[in-house]
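# no FASTA, just this:
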DNA sequence: CTGAAAGCGCTAACAT
DNA sequence: ATGTTAGCGCTTTCAG
């Protein structure tokens, strides 16, 4: 194993260029600090020669910004998250910042991240995990740029929420067109706020369209959980039945369950997914689903990240509309 | 918007506890530095009271370690990556380190990450992206702990490779059992080293088992790319045909393509995937696939991350076996 | 065991 | 425009 290479410092650059440290700092700052152009060229040349890269730890010690953005998630293993985090990392990098993933499995982990020194020094935090309440965000992060993306929000904070009602209304209306008069609801975690809001929306519109809710099942968004649940179910009459699922993975399970036992559910196209993942329209599956533009979502996040001050409450809470994708 | 809260420093803790900064540092170091136990208690109490959390940027400036581990990827949007990165982040957190995702879309981005200051200061780098050659790793990272996970390796470096031959041999043998005498190969990017190795392995064992390679198609691992490619294909005789795919997503496309045009391929179970994702055995799909234990893979990575010195070359290059999952 | 002091690499205020 | 200097928060000598 090679020995650790000596990392060139600003001092090394300054010496090689025959100038002072501060001159070198100014030349390399990128912020158009006063410096003679010939000197600047010499310094840049020296930096290049040494392979100099500024030490962000030293920089952050001086400046208030650290260049780190925390992304706090429960887990990134959901189907719908596939492309989202990929784009999000790219968006953060486009801001010249770094994405720091914080994974929260349970409430116990919150105590752990309280001890995580990086967490407190990030320039901004994007909260996807529903384990974090808006009120406790200030105790976790030493920044005001905490953006709630988990459906929760505090008046004083920032948030981007998904307007799920729009898509849900259209999905239920579609079911109504397909002569659904009774439906089962396959949901995710009971403890999730967004999930409870979703259920409420479904019930509200089901009432509007005279669809009976015959069963609400709490799974965990996964294919397996939904499939296991369904396997124990028997329905005497499926002629007017519909199945609403709060994830595409669970809708896939519903389709597969129906394939053998109740193929008419598939033919009648009364299984509804959520998230608009590619799977909803791959040949093996084909079900209508609810979704929103990830690009728009990320754009909103960037908007909040970039803005320095927020005069109006309205501009601190953005929202993205959902759309219904009928297949 | 609230004003930025003043962050408590070690000095604040020391003052509150009525001790010196160095005493406070020792008490909080966790490394059993000499300190009177009553004093230590007072300091811990003061720190708790103030909600003190050490500034990692100041710490790293003094120490050589930064607590950051880079994960360098092309993109995390592949199906097979779903759970891997989730577990990996957790593993890195269990080491008390932070995962820093670096996303590389093209070779142009390498120049960009050369300018990314954090990249150079990580304690270790996990290279999944095949855009990075083992030789250039030392110019990108100021650490020797660069672990190549992209199938490439330099003698002097560290690596964990996947032994794909094992699974491929079994897959081809299985095809042979199913009377396959000619096969098409749906592959990923032509430029990928691992991909070329895979193709070589497939061809080697196809020769062993007297299976003709009638067509090698380069897609990009995705469902769409494979489906689009297949849609333009017509096969006069599929009675002894088999399809090997180097991703489960492409195998899904092969199944969906066959559904309408050549259902016998599905019945004969001669479509083979790669990665052992959950999709390979969800009701809508059911195809044999090649995979390896992600847990074992991560364990190997941790082994390399933890070890300080490596006497033998052998211990610097670890490998994980693949398994064939017949459905 | 304890505290004073040096210094990690950098930037900004200040004086020239 | 340039260099000198102070200091960000921390850990680690080094004396006592």
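Looks like it arrived, so ask away. Source: prediction; values computed, not measured.

# could you measure from residue A:303 over to residue A:239?
48 Å (C-beta to C-beta, to the nearest Å). The way it works is simple: take the backbone N, C-alpha and C, and place the C-beta from them, glycine included.

# show the pLDDT at the most centrally placed residue in chain A.
To find the centre residue of chain A, average its C-alpha atoms and take the closest one (C-alpha atoms, centre = their mean): that gives residue A:128, at 5.3 Å. Residue A:128 carries a pLDDT value of 93.

# got the contact list for residue A:205?
Listed by C-beta atoms under 8 Å, 6 or more residues apart in numbering or on different chains, the contact partners of residue A:205 are A:168, A:169, A:172, A:173.

# could you rerun that using 10 Å?
Applying C-beta atoms under 10 Å, 6 or more residues apart in numbering or on different chains, we find residue A:205 in contact with A:165, A:168, A:169, A:170, A:171, A:172, A:173, A:175, A:176, A:211, A:244.

# residue of the stretch 101-250 of chain A closest to DNA strand C, please.
Shortest the stretch 101-250 of chain A-to-DNA strand C distance, computed as C-beta to the nearest atom of the strand: residue-wise this is residue A:121, at 14.2 Å.

# hmm, that residue is touching residue A:143, no?
Yes - contact between residue A:121 and residue A:143 holds when scored by C-beta atoms under 10 Å: they sit 8.3 Å apart.

# show me which of the two is the more surrounded one.
When residue A:121 is set against residue A:143 and neighbours are counted by other C-beta atoms under 10 Å in any protein chain shown, the residue ahead is residue A:121, at 25 against 22.

# do a quick rundown of the strands in the stretch 151-300 of chain A.
A:158-163, A:182-187, A:212-218, A:241-245, A:271-272, A:289-291 (DSSP state E, counting those that start in this stretch).

# winner for burial among those strands?
The highest average neighbour count among those, using mean count of other C-beta atoms under 10 Å in any protein chain shown, belongs to strand A:271-272 at a mean of 30.

# by contact count, what packs against that one?
Applying 3 or more C-beta pairs under 10 Å, 6 or more residues apart in numbering or on different chains; DSSP states H and E, one finds that strand A:271-272 makes contact with helix A:164-177, strand A:182-187, strand A:241-245, helix A:248-261, strand A:289-291.

# in the first one, what counts as buried?
Think helix A:164-177. A:164, A:165, A:166, A:167, A:168, A:169, A:170, A:171, A:172, A:174, A:175, A:176 (16 or more other C-beta atoms under 10 Å in any protein chain shown).

# near DNA strand D, which residues of chain A?
By the rule C-beta under 7 Å from any atom of the strand, the part of chain A lying against DNA strand D is A:19-23, A:26, A:34-36, A:39-40, A:58, A:61-62.

# does residue A:126 count as helix, strand or coil?
strand (DSSP: H, G, I helix; E, B strand; the rest coil).

# roughly how far does it sit from residue B:69?
Distance, residue A:126 to residue B:69, by C-beta to C-beta: 20 Å.

# now render the helices and strands packed on strand A:271-272 as CSV, adding distance to residue B:97.
Rendered in CSV, the data for the helices and strands packed on strand A:271-272 read as follows (distance: least, C-beta to C-beta, whole Å):
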stretch, distance to residue B:97
helix A:164-177, 37
strand A:182-187, 36
strand A:241-245, 38
helix A:248-261, 31
strand A:289-291, 35
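
# which of these has the lowest mean pLDDT?
In terms of mean pLDDT, the lowest-scoring of those is helix A:248-261 (a mean of 94).

# show me what contacts the nearest residue to residue A:294 once chain neighbours are set aside?
Nearest residue to residue A:294 in three dimensions, chain neighbours excluded: residue A:84, at 5.2 Å (C-beta to C-beta, 6 or more residues apart in numbering or on different chains). If you count contacts by C-beta under 10 Å, 6+ apart, residue A:84 has them with A:76, A:78, A:128, A:275, A:294, A:297, A:298, B:77.

# pretty sure the third one contacts residue A:159?
No - with contacts defined as C-beta under 10 Å, residue A:128 does not count as touching residue A:159, sitting 11.8 Å away.

# joint contacts of those two?
Both residue A:128 and residue A:159 are contacted by A:147, A:148, A:149, A:150, A:151, under the criterion C-beta under 10 Å, 6+ apart.

# follow-up on the earlier one: show me which of the contacts of residue A:205 is closest to DNA strand D.
Relative to DNA strand D, the closest of the contacts of residue A:205 is residue A:165; by C-beta to the nearest atom of the strand it sits at 45.5 Å.

# so, in contact with chain B or not, stretch A:316-327?
Yes - using C-beta under 10 Å from any C-beta of the partner chain, we find that stretch A:316-327 touches chain B at residue A:316.

# buried residues in that stretch?
Those would be A:316, A:317, A:318, A:320, A:322, A:324, A:325, for stretch A:316-327 by 16+ other C-beta under 10 Å.

# re earlier: got JSON lines for the shared contacts of residue A:128 and residue A:159, with neighbour count and secondary structure too?
Converted to JSON lines, the shared contacts of residue A:128 and residue A:159 look like this (neighbours: other C-beta atoms under 10 Å in any protein chain shown; DSSP: H, G, I helix; E, B strand; the rest coil):
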{"residue": "A:147", "neighbour count": "23", "secondary structure": "strand"}
{"residue": "A:148", "neighbour count": "23", "secondary structure": "strand"}
{"residue": "A:149", "neighbour count": "24", "secondary structure": "coil"}
{"residue": "A:150", "neighbour count": "23", "secondary structure": "coil"}
{"residue": "A:151", "neighbour count": "18", "secondary structure": "coil"}
